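Enquirer: next comes the sequence, and after it the predicted model I'd like to discuss.
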Amino acid sequence: MVGAQLGLETVVSAIFDGSGDYAKTDHEAKFQIHRTFEGLLQQLLSLKWTEPSLIVIHGHYLDSLGLYLRHYPDVVASVVNKLFELLTSLPITIQGPSNNSRQARLQICSSFIRISRAADKALLPHMKNIADTMAYLQGEGRLLRAEHDHLCEAFLIMASSSGIQQQQEVLAWLLEPLNKTWTQVEWQTAYLSDPSGLTDMFADTQFMWSIYHTVTFFEKALKRSGTKRSTTAPQAAITTTTATGYLHPMSSHLSWILPPLLRLLRCIHALWAEPFAQSLTGEIKAAKSMTISEQASLLGETSKPTKGQVAPADGLLDVQREGESKENNIRNWLRGVRDSGYNLIGLAATLGEAFFRCIDGSSVILALMENVQVMEFRHLRQLMHLAVVPLVKYCPAELWQIWTANLLQPIFVHCQQALDYSWSSLLREGRAKVPDSFGNLSGSELKVEVMEEKLLRDLTREVCSVLWVLALPGLNSGLPSLEQLGPVNRIDSSLKSLESFASSSLTGFLMLNVGTALPALRITVEVFSWTDSEAVTKVIPFCGALIHLAVATNRAELRQFVGNDLFSSIIQGLSVELNAVVSAELIGLCREIYLYLSDKDSAPKQLGPGTTLLQQYSSKDEVTMMMLQVAREHYCNWSHEELTCRSSNGVPQ
C-alpha cells in the first residue's frame, strides 16, 4: 500500500507538474485522465479506515493528488472535508510517548501542508471554511496546540499564493491571539526576570509547551511569508527591496515578538553559567546533556525514536507528550526553543532594515553574547549558523558599528581561545577536549572521542563560515580587485587609508576594530595548521580580501601581517596532506602576496631556504612553480634532486 502510494505520487507529478505540457493535451485525452483520477479520488473519499496506521496512509494518498487538485479545483472542498474527518476520527488522548493516534493526527495535519504547497491557489476559496473549522475544533478542545500551529502553517502557504496583502491579513488573524498572551507582563515577570524564574516555568508543563509552540509558530510565520531573497548579494538585495517600497508582511510584528524572545533566550543561556548552574536540581542538570538523537547524529548512526528522544513529525517536534520523564521534557523543550529562537532571529535579519531599525541592537547582542563563554560547542555552532551569520550578512553598512562589531568581538575572542585549546589537545594528545555534556553515555570511550572530534570540526567550520561571510563580494563592493589596483610597484602615495574602506568593505571595517580583528586574524592563521580542509576552504576568501586590503591601503601593520604571518601560515598549510584539495587556491594566495607585497615588505623574501629563487622570476606561472618549491624545501626538507624527481616538465607535482 505504501509502495502504491509512492507510485501514484510519481504518476501525478509526471502528468500535472507542468513539464509534460498537460495544458496542451487534447480535450479527449484530458477527459479520460480526469475521469481516471476522479474515480480514484471518489474511492479514496469513500474509505472508512479507522486504524491510525491506515489513516496515515489514507492521508498520504490524498496529498499525492495535490497537483491534480491544482488543475481541477472543484474537488478541493471534498478533500479538505475528508482530511478533517480523518483528523477528528482519531482520539485526542496522548497517553504515552509512542501513541499511534497522536502520530497519525500530526501526519494528517502535515497532509494539509503538502496539499497547500502542491494545489497552490486552488485552496484559496476554502480558506474561510478551513479557518472556521479550526476555530470550532479548538474551541471544542478537539485540536491540540501543535496541530493548530501545523494547520496554520498550511494557511500561511495558501496565503502566499495570493500576494503580500493577503498574507498581511492572514498573519493579523493568526497572530492577534498570540500577541495578547505573548506580550503579557505577568508571565514575563514571573518566569523571565531572572534564570530562577525559568526553572519555575518547568514546573508548569502546559504553559511551558505553550511557549514552545508560540516560538515555533513565529518561526514558521517568518519562513512561510514574504518573498524569497537573494543570498548571493545581500546588500544589493536590501537596497533593492527598500527602494521599491517592499515591506515584509511580518515586519510590523517584530517589535512585539522579539523582546520576550530575547529575554527567554537570555534565561536559557544562564542555565550554563556559574554559580547559578550549580544550584539547579538534578533533573535540570541532566536535561542539559545531549539527546540520544544528537549523539546518534554525531556518531553517524540512525536509531529509532525512543523515550526521551526528540522525534520529528514532518518538521514538527513531537514533544507535547505525557508519560515523559521531567528530565526528557525539559531537554526536548530547551533544544526546541533554542534552535527555533535562533532561527527566528536569523530569519528576521533577512528582512534587512525592517529588522535592524525596529529593535535595539544592544538587547539582541546582550541576549546572545552575555554567556557565550560558557556555551557548549553544539550550542555555539547553532547560534552562529542560525543567527550570527544572517545578522552579519544582512546588516546595513551604516549599522555595522552598532551591530556587527559588538556581535563578532565576543564570538571571535571566545572561539579563538576555545578552538586553539581543543585543537592543541587533539593534535598532541589525540583527543579533543570540548565542554559538551554527553550525559550517561553507554558504550566505549571511543564513542566519546569520536563525538568530541566531530563537535570540534563542526564548530571550526562554522567559525570559518563567519569569516567567509565577511569576505562576500556584496559586503565588500568598495574593495578593488588586484587588477584594478594597477602595477605591483605602486608608490605609497597612491595608496588609500584603511578608513576609506570602512563603509564599503566589511573586511576593511573589521580591520579597524582591533578587539574584533585580532582574534579573527589569529583564527585565520591557525586554521592552516588544523587538519580540516573544509575549514581551510571556507577561510580562503577571507584571506583573499585581506590581501587586497593590504595591497590597496597604506596600513603597515596589515601589510606586515599578510606578508609575514599569513604568508608563512599558508605555506605551512600546503604541507598538510588533507589540504591538497585546495593547494591550487593556496598557491594562488601565496603568488598574490609575493607579487604585490614583496617590494614593499621584505618578509615574503625572507621566509626560508629557496625563497631567493623567487626574485629571479617575474612570470606568474614561474612564480607559482617556485612557490611550491619553496614550500616543499622549507617544510618537508626535500633536496633539490628530490624535487626534480617529483617533477614533470619542470612543474613540481
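Expert: Arrived safely. Residues are numbered from 1 along each chain as shown.

Enquirer: can you show me the CA trace of the host helix or strand of residue 354 as PDB?
Expert: In the assignment (DSSP states H and E), residue 354 maps to helix 353-356. Included here for helix 353-356 are C-alpha records, laid out as PDB according to Å, rounded to 0.1, in the frame of the first residue of the first chain:
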ATOM      1  CA  GLU A 353      16.200  47.500   7.600                       C
ATOM      2  CA  ALA A 354      12.800  46.400   8.800                       C
ATOM      3  CA  PHE A 355      14.500  44.300  11.500                       C
ATOM      4  CA  PHE A 356      17.600  46.300  12.300                       C
END
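
Enquirer: what's it packed up against?
Expert: Contacting helix 353-356 under the criterion 3 or more CB pairs under 8 Å, 6 or more residues apart in numbering; DSSP states H and E are the following elements: helix 326-349. Every C-beta, even on glycine, is put in place using the N, C-alpha and C of the backbone.

Enquirer: chain neighbours aside, what residue packs nearest to residue 294?
Expert: Take residue 294 and drop its neighbours on the chain: the residue closest to it by CB to CB, 6 or more residues apart in numbering is residue 378, 6.9 Å away.

Enquirer: circling back: and the next helix or strand past the helix holding residue 354?
Expert: Counting by DSSP H and E, the element that comes right after helix 353-356 along the chain is helix 361-369.

Enquirer: since we're on residue 21, how many residues are nearby?
Expert: The burial metric for residue 21, expressed as a neighbour count using other CB atoms under 10 Å, is 7.

Enquirer: now it: how far from residue 149?
Expert: The spacing between residue 21 and residue 149, counted by CB to CB, to the nearest Å, is 38 Å.

Enquirer: and if you look at residue 515?
Expert: Residue 515 sits 42 Å away from residue 149 when distances are taken as CB to CB.

Enquirer: ok, back up a step: so for the helix holding residue 354, mean pLDDT?
Expert: Across helix 353-356, the average pLDDT comes to 93.

Enquirer: can you map out the helices along the stretch 101-250 of the chain?
Expert: For the stretch 101-250 of the chain, the helices defined by DSSP state H, counting those that start in this stretch cover 127-139, 145-160, 164-182, 185-192, 195-201, 205-224, 234-243.

Enquirer: in the biggest helix by length in the chain, what counts as buried?
Expert: When the chain is parsed with DSSP state H, its longest helix is helix 445-470. Using 16 or more other CB atoms under 10 Å as the burial criterion, the residues of helix 445-470 that qualify are 447-448, 451-470.

Enquirer: contacts for the host helix or strand of residue 259?
Expert: Assigned by DSSP H and E, residue 259 belongs to helix 254-270. With contacts defined as CB atoms under 8 Å, 6 or more residues apart in numbering, helix 254-270 is touched by 179, 182-183, 188, 191-192, 194-195, 197-198, 211, 215, 218, 276, 334, 337-338, 341-342, 344-345, 348, 351, 354-355, 358-359, 363-364, 366-368, 370-372, 374-375.

Enquirer: from the residues you listed, which would you call buried?
Expert: Members of the contacts of helix 254-270 that pass the buried threshold by neighbour count (16+ other CB under 10 Å) are listed as 182, 188, 191-192, 195, 197-198, 211, 215, 218, 334, 337-338, 341-342, 344-345, 348, 351, 354-355, 358-359, 364, 367-368, 371-372, 374-375.

Enquirer: quick one, what contacts the residue nearest to residue 294?
Expert: The neighbourhood of residue 378, defined by CB under 8 Å, 6+ apart, consists of 290, 294, 436, 455, 458.

Enquirer: looking at this, the second one is in a strand?
Expert: No: secondary structure assignment places residue 294 outside any strand; it is helix (DSSP: H, G, I helix; E, B strand; the rest coil).

Enquirer: from residue 379, how far out is it?
Expert: To residue 379, residue 294 is 11 Å away according to CB to CB.

Enquirer: which one of these two is surrounded by more residues?
Expert: When residue 294 is set against residue 379 and neighbours are counted by other CB under 10 Å, the residue ahead is residue 379, at 24 against 20.

Enquirer: for the one helix or strand residue 4 maps to, which outside residues touch it?
Expert: Here residue 4, judged by DSSP H and E, is contained in helix 2-16. The contact list for helix 2-16, computed with CB under 8 Å, 6+ apart, reads 20, 22, 33, 37, 40, 57, 60-61, 64-68, 70-71.

Enquirer: now the buried members of those.
Expert: Using 16+ other CB under 10 Å as the threshold, 22, 33, 37, 40, 57, 60-61, 64-68, 70-71 are the buried ones among the contacts of helix 2-16.

Enquirer: now render those as a markdown table, adding secondary structure and pLDDT.
Expert: Converted to a markdown table, the buried ones among the contacts of helix 2-16 look like this (DSSP: H, G, I helix; E, B strand; the rest coil; pLDDT from 0 to 100):
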| residue | secondary structure | pLDDT |
| --- | --- | --- |
| 22 | helix | 79 |
| 33 | helix | 92 |
| 37 | helix | 95 |
| 40 | helix | 96 |
| 57 | helix | 95 |
| 60 | helix | 96 |
| 61 | helix | 96 |
| 64 | helix | 95 |
| 65 | coil | 95 |
| 66 | helix | 94 |
| 67 | helix | 93 |
| 68 | helix | 94 |
| 70 | helix | 91 |
| 71 | helix | 89 |
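
Enquirer: how about these, which pair is most distant?
Expert: The distance between the two most remote of the buried ones among the contacts of helix 2-16 (CB to CB) is 26.7 Å, for 22 and 57.

Enquirer: gap between the two ends of stretch 48-57?
Expert: When the termini of stretch 48-57 are compared using CA to CA, to the nearest Å, they are 12 Å apart.

Enquirer: who's in contact with residue 374?
Expert: Taking CB under 8 Å, 6+ apart as the definition of contact, the neighbours of residue 374 are 269, 272, 273, 274, 277, 435.

Enquirer: distance check, residue 577 against residue 526.
Expert: Remark: distance between residue 577 and residue 526 (CB to CB) = 18 Å.

Enquirer: check what pLDDT residue 225 gets.
Expert: With respect to pLDDT, residue 225 scores 87.

Enquirer: burial count for it?
Expert: By other CB under 10 Å, neighbour count at residue 225 equals 20.

Enquirer: does it touch residue 247 like I think?
Expert: No: taking CB atoms under 8 Å as the definition, residue 225 is not a contact partner of residue 247, at 11.6 Å.

Enquirer: that concludes my questions; thank you for your assistance.
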